[in-house]
Structure formats: structure tokens, C-alpha cells
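In: Quick one, what's the 3D model for this:
(chains A and B)
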Amino acid sequence: MNSIHYLYAAYIATWAIHGIYLTILVRKYGRIRREMEKLRK
Amino acid sequence: MKRGFTILAIVTGLLLSFALYEALIAAPTERTMGDVQRIFYYHVPSAWTAFLLFLINFIASVFFLIRHDSKSDILALVSAEVGVVFCTVVLVTGPIWARPVWGIWWTWDLRLTLTLVLWLIYVSYLMLRRFSTSSQTPKLAAVLAVFGALDIPLVYFSIWFFRTQHPSPVIGNGGSLDPRMAYVLLINWAAFLCLAWLVCWTRFRLEVLKREVEEAQALESLLEGPR
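Out: Numbers count the residues shown, from 1 in each chain, chains lettered A, B, ... in the order given. Coordinates of the predicted model:
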């Protein structure tokens, strides 16, 4: 594997990790909003 | 508050894009490692950000143990969670960088092992908070955080006091980093700090909202009474 591929792999992995965490936060927010809606009813 | 958040989000986006350009294109190529050395601009700032977040977790945990206020507890939780994300980046980018440079993905070197231990401590902290249902959980977690924080200086200073495979510090005392590289490193750290601040802010508000909903649900079930 060319060394440039390791560079791309590291940068992609970094953004993938942050992306996964942000997705978890968005899903958590969705769940809380649904709970709030249920409480309002 | 909402305006401040939007401004921070825009600044973070711009800074991250600029930092990426600086790291991949503008920074000079290192003579011995070549382009793969550019991993440094993500690996090192992620480590510094993780250390800072774990330090915030330590301070917030001490505050919580003294004052028992929920804001300190939430700040401790949030900083540990975001710190684990940045520490994961360090543990993933490190081996990707090590493979072409050292010829191995991992070695049980002191700094690498202590970083893995640090990550495991904070993952166990988050597990405790997630799965324990005891009312004492925040207190237990705060105590774990106080002891867990002892690993931060051990990780940081391990390359100063012991011979390790990991390179010595490149900036500060005894560092020999090219000023242009140091500038790109600091730009990337600033970008990651803004990202960490933004994510912590979001996660803090989310946790406050979650606790309010849980309180409302508890109140509702009390008012409804046993069926």
C-alpha cells in the first residue's frame, strides 16, 4: 500500500468517527423529541 | 444563545476546512516520512483535545463531589463522552501512521499502552453511567473520574521520562518542529477545539433536555398512581 493511502485512511477514519458520534447525537435528539411529544399529549 | 451557537458552528466549519487545506496542501512535506507525516496534524491535536476534555471531566467531577450540583455532573459526563471520541481518533490514526513508518501497527510501548488504558478508563466511566441504575451512580462515576485522571499526566509525560518507541515532543522545550509545520499544527488544534466546544455544547443541552423529560415522566407516573 502506498504511503498516501495511509494518509487518506487516517483522515477518512477521523471524520468517520466524528460522523458516527454526531449521528448518535442526532438519533438521541430525535428520541427525546418523541418523548416530549408523548408527554405533551 | 441560539445566535452564539450558529456563529460557533459557522466558525468551526470554516476553520476545519481551512485547517484541512493547510494540513493536506499548504504544509511542507517532511523529508524522511513524506506525505504520511501529515497524519500528525490530526493525530496530535486530537490527543491534546482529548487530554483537555478529560481534565475538564476531572475538574467537573471534583466540583460535583463538593457541591453536588447537576450542572457539574452533566459537564463531567459530556466532557468524558467527547473526550472518548477524540481519544478514539488518536488510537485509530496512531496505528495507521505507525504501519508505514515503524513497519508495525501496534507495539506495547509505554505511551501507547497508557493511552489505551486511558481510553478504557473513560469507556468504563461511560458504561457505568449508562448501565447503572443506582442513585449513587453520579457520585461513583465522579470518584472513578478523579482516579482515572491520574493516567493523564502519566500518558503525557511518559515520553519525557522513559525511552519509548513513540517520538519525543516536537514543540516546546527541545522540540525541533519547522515553524510552518507548528503553525499548521496549531491551526488544526484550534479547529478541533472549536469542534469539541460545539459538540460539548450540543451534548450538554441534550442531556439537560433528557433529564427534564425523565423528571416530567416520573412526575406523570406519580400523578397517574398505581394502575
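
In: make it CA atoms for all contacts and neighbour counts henceforth
Out: Will do.

In: Show me which residues of chain B sit near chain A.
Out: B:35-39, B:42, B:85, B:88-89, B:92-93, B:96-97, B:100, B:203, B:206, B:209-210, B:213, B:216-217 (Cα under 8 Å from any Cα of the partner chain).

In: Out of the residues you listed, which end up buried?
Out: By the neighbour-count criterion of 16 or more other Cα atoms under 10 Å in any protein chain shown, those include these buried positions: B:35-39, B:42, B:85, B:88-89, B:92-93, B:96-97, B:100, B:203, B:206, B:209-210, B:213, B:217.

In: among the helices and strands of chain B, which has the poorest mean pLDDT?
Out: Lowest on mean pLDDT, DSSP states H and E among the helices and strands of chain B sits helix B:151-161, with a mean of 82.

In: Following the chain onward from that one, which element is next?
Out: helix B:179-224 (DSSP states H and E).

In: what about the helices in chain A?
Out: A:3-40 (DSSP state H).

In: Below-threshold pLDDT in it: ranges please.
Out: A:1 (pLDDT under 70).

In: Now stretch B:190-205: buried residues?
Out: Buried-residue list, stretch B:190-205, by 16+ other Cα under 10 Å: B:190-204.

In: taking the mean pLDDT, what do you get for the host helix or strand of B:Leu8?
Out: Counting by DSSP H and E, the element that carries B:Leu8 is helix B:2-21. What helix B:2-21 shows for mean pLDDT is 94.

In: Centre of the chain to that helix, how far?
Out: A distance of 19 Å separates the centroid of the chain from that of helix B:2-21, by Cα atoms, centre = their mean, to the nearest Å.

In: Following element in sequence after that helix, please.
Out: Next along from helix B:2-21, by DSSP H and E: helix B:40-67.
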